[in-house]
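[1] Give me a 3D structure for the following:
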Amino acid sequence: MKLATLKDGSRDGQLVVVSRDLGSAHYATGIAHRLQQVLDDWGYLSPQLQDLYDSLNAGRARHAFPFDPQHCLAPLPRAYQCLQASAYPHHAQLAQEAGAASVQGASTQEPLLEQLASDALQGPCEDIVVESAAMDIDAAAALAVVTGDVARASTAEQALEGVRLLMLASAVVLRGPQALERERGQGPLLSRPATAFSPVAVTPDELGTAWAQGRVHLTVQTALNGRKLGLCEAGPDMGFHFGQLIAQACRTRALRAGSIVLAGPVSNPPVQDAQGRRDWPRGVGCLAEKRWIETLQGAKTLSPWLQSGDTLRIDMKGRDGLSLCGAIEQTVVPDGL
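    Numbering: from 1, shown residues only. As a prediction, this is how the structure comes out:
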């Protein structure tokens, strides 16, 4: 099923069920008002939402209305915690090769995770507001899951059973402050403004065979000002699957229902020809990778970071060709820029 949260003037919004084609929605008021309620009592409430979802798709829901992502908050507007992993080793390897000091190193032994702010998550169409363009504004396309309760010291297989919902994320990164925080040995704080999420969160069964072994085998589409930035494959190059990420997060503590885990920037390695020349046919999921590639290719000038008025769009289509979670579309707006 597909779930979203509409703006209603409150902090947590109003839960709605969204049709498979994202064309219509129905209030879930008779079942639950907030998504967190459903996550807290998943076994009892999710079957009722599934029935409503089935009725909506069959055209039997009497009070359905057109679904508009512009009216959406994040599916879970505030969460108990939000964790950022580094599940795509190529991203960190590329940064290291290009001499970028702002990204934590890659690990092949166990996933690395960081705490992000979770008290005010952004909706899919909320603006990116930053104090100054000198902070080097970037945003990384990422996949995220929302968990149920996961016991301490769960195995990767047990942790994977805790995945309740999947979403797209736009993880805004201020590369200037990020480099300073890394240099000082501290975790991300000033460098990580609020993360934005797709209008809709989906249960894993909506992906069909594209959800396999804790990975999403679909293409994440990223565009900047209407021009393709990347068509990155999310599945094959994910070094740690979501079960492993969640298991790492709960090694010494339990996770409560409503925890969000991001897999980190989707990243695909290059194709190399017989002469050793490398090409990135899938493009990139963030501007930092684009600049690192340009650096390695000896470019005299690098692509600019996000500027005032720029619009970033992130989407992912299912195997039926339809948008799975709806698109994130954010514009950088002036605030001293």
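
[2] Correct me if wrong, but Met167 is in a strand.
    Yes - with DSSP: H, G, I helix; E, B strand; the rest coil as the criterion, Met167 is assigned to a strand.

[3] Identify each buried residue in the longest helix belonging to the chain, please.
    In terms of residue count, the longest helix belonging to the chain (DSSP state H) is helix 42-57. Residues of helix 42-57 classed as buried: Trp42, Leu45, Ser46, Leu49, Leu52, Tyr53, Leu56, Asn57 (neighbour count, 16 or more other C-beta atoms under 10 Å). For every residue, glycine as well, the C-beta is placed using N, CA and C.

[4] Okay, now the unreliable bits of this structure?
    Residue ranges of the chain with pLDDT under 70: 101-108, 336-337.

[5] can we see that at 90?
    98-110, 131-134, 176-191, 193-194, 272-277, 334-337 (pLDDT under 90).

[6] What's the separation between the residue nearest to the spatial centre of the chain and Ala201?
    The residue lying closest to the centre of the chain (C-alpha atoms, centre = their mean) is Ala169, at 2.3 Å. Taking C-beta to C-beta, to the nearest Å as the measure, Ala169 falls 11 Å from Ala201.

[7] and what of Gly235?
    Distance, Gly235 to Ala201, using C-beta to C-beta: 19 Å.

[8] One more: Gly258?
    Distance of Gly258 to Ala201, given as C-beta to C-beta: 12 Å.

[9] So which of these two has more stuff around it?
    Ala201 (28 against 22; other C-beta atoms under 10 Å).

[10] can you give me phi and psi for that one?
    Ala201 adopts backbone torsions of phi -110, psi 140, taken as degrees, to the nearest 10.

[11] Ok, Ile128 next?
    Main-chain dihedrals, Ile128, degrees, to the nearest 10: phi -90, psi 110.

[12] doesn't Asp138 make contact with it?
    No - assessed by C-beta atoms under 8 Å, Ile128 is found out of contact with Asp138, at 10.1 Å.

[13] residues contacting Lys228?
    By C-beta atoms under 8 Å, 6 or more residues apart in numbering, the contact set of Lys228 is Gln221, Thr222, Gly283.
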